[in-house]
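Undergrad: How does the following fold in three dimensions:
(2 chains)
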2 protein chains.
Amino acid sequence: MPWNRFSGSLSSPKVDVAIDMGHPFLNLTLDGFLKIGTVAASRAAAEDAYHVVRKGNVGRHNFKQTLKKMCKEGAYWGTVAGVYVGMEYGVERIRGSRDWKNAMIGGAMTGALISAATSNDKDRIMIDAITGGAVATAAEFLNYLT
Amino acid sequence: MPWNRFSGSLSSPKVDVAIDMGHPFLNLTLDGFLKIGTVAASRAAAEDAYHVVRKGNVGRHNFKQTLKKMCKEGAYWGTVAGVYVGMEYGVERIRGSRDWKNAMIGGAMTGALISAATSNDKDRIMIDAITGGAVATAAEFLNYLT
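TA: Next up is the predicted model:
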């Protein structure tokens, strides 16, 4: 049964979004999409809020643009995160172990996939795959440190 | 007593760098610098290796440039990671709790600091702080997912 929860308050915001899709792979992917999408949408909102405070004018046009940006950035970051989480889950299932190499492989595959979806340049896709793997590995290492 | 270890092999590379600086704050910062610096240097090496394989020519000039790029990228990523890890440690000590808000605050402070070190534009620094916080929060969330 699908269920959905979203809770938040100003003093201590909790970010908790959960929808049951009936399979761990789909759950993880959707969870990644929603959580990271929310973060990206908040980032876009905060950025535009700063600009509004700085300039001192609040208009309807401004708000509509912000909303559009929030949706666009949220969908993009969410897609990247969803693909990455799904990839890492798949790599973990195939390799049968949990370590930083899953993050590297998952990141590289995510980079290649996202790059292939937006461009046709083979070199670009390879470089994006390498960068994706490096970023995911770096994030995984920071995990263990903090 | 300072000690240093670096081990690696082709079939299953282990990345493990540790130097004892006598204080957890300094240890964490240096650890972050070295680990993420190594990842970034590897990324630069892999990128250039791909270009060499693709073009099919290996020259001395090429290798020197690659080494320079590895050092530059390694130092940059390493600095960002070191500052972030140190900031998150400091935030954790001040707030007295471990949750995603540490990552957000640490990321925002890191973004602001790195941005302030490279530019004088106040708007740019604020936007970088917001982006830094969002990226760190996203990385923290991905942690719990995978």
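
Undergrad: what stretches of chain A score poorly on pLDDT?
TA: A:1-22, A:57-61, A:146 (pLDDT under 70).

Undergrad: Could you rerun that using 80?
TA: Applying pLDDT under 80 to chain A flags residues A:1-25, A:54-63, A:143-146.

Undergrad: can I see the domain layout of it?
TA: Chain A resolves into domains spanning A:1-78, A:99-146 when parsed by automatic domain parsing.

Undergrad: which of those is buried the deepest?
TA: Ranked by mean neighbour count, these are led by domain A:99-146 with a mean of 20 (mean count of other Cβ atoms under 10 Å in any protein chain shown). All C-beta spots, glycine's among them, are computed from the backbone N, C-alpha and C.

Undergrad: Might you calculate how far that domain sits from the centre of the chain?
TA: In terms of Cα atoms, centre = their mean, to the nearest Å, the centre of domain A:99-146 is set 13 Å apart from its chain centre.

Undergrad: Could you confirm whether that domain reaches chain B?
TA: Yes. Against chain B, domain A:99-146 shows contacts by Cβ under 8 Å from any Cβ of the partner chain at A:100, A:102-103, A:123, A:126-127, A:130-131, A:133-134, A:137-139, A:141-143, A:145-146.

Undergrad: Switch the domains of chain A over to a markdown table; also include distance to residue B:34.
TA: Shown next, in a markdown table, are the domains of chain A (distance: least, Cβ to Cβ, whole Å):
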| stretch | distance to residue B:34 |
| --- | --- |
| domain A:1-78 | 28 |
| domain A:99-146 | 10 |
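
Undergrad: Hmm, residue A:95 is touching residue A:101, no?
TA: Yes. With contact defined as Cβ atoms under 8 Å, residue A:95 reaches residue A:101; the gap is 7.3 Å.

Undergrad: taking the residues of domain A:99-146 next to chain B one by one, which sit in helices?
TA: A:100, A:102-103, A:123, A:126-127, A:130-131, A:133-134, A:137-139, A:141-143, A:145 (DSSP state H).

Undergrad: in chain A, which spans are helices?
TA: Using DSSP H, helices in chain A cover A:24-55, A:60-95, A:100-118, A:122-145.

Undergrad: export those to a markdown table and tack on distance to residue B:81?
TA: A markdown table is the format used below for the helices of chain A (distance: least, Cβ to Cβ, whole Å):
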| stretch | distance to residue B:81 |
| --- | --- |
| helix A:24-55 | 20 |
| helix A:60-95 | 19 |
| helix A:100-118 | 14 |
| helix A:122-145 | 6 |
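
Undergrad: For residue A:115, give me its contacts.
TA: By Cβ atoms under 8 Å, 6 or more residues apart in numbering or on different chains, residue A:115 lies in contact with A:124, A:125, A:128, A:129.

Undergrad: And for residue A:80?
TA: Residues in contact with residue A:80, defined by Cβ under 8 Å, 6+ apart, are A:36, A:110, A:114.

Undergrad: which of these lies closest to residue B:28?
TA: Using Cβ to Cβ, the shortest approach to residue B:28 within these belongs to residue A:36, at 25.3 Å.

Undergrad: quick one: the closest one and residue A:83 touch, right?
TA: No. Here residue A:36 does not reach residue A:83: they are 10.6 Å apart, not a contact under Cβ under 8 Å.
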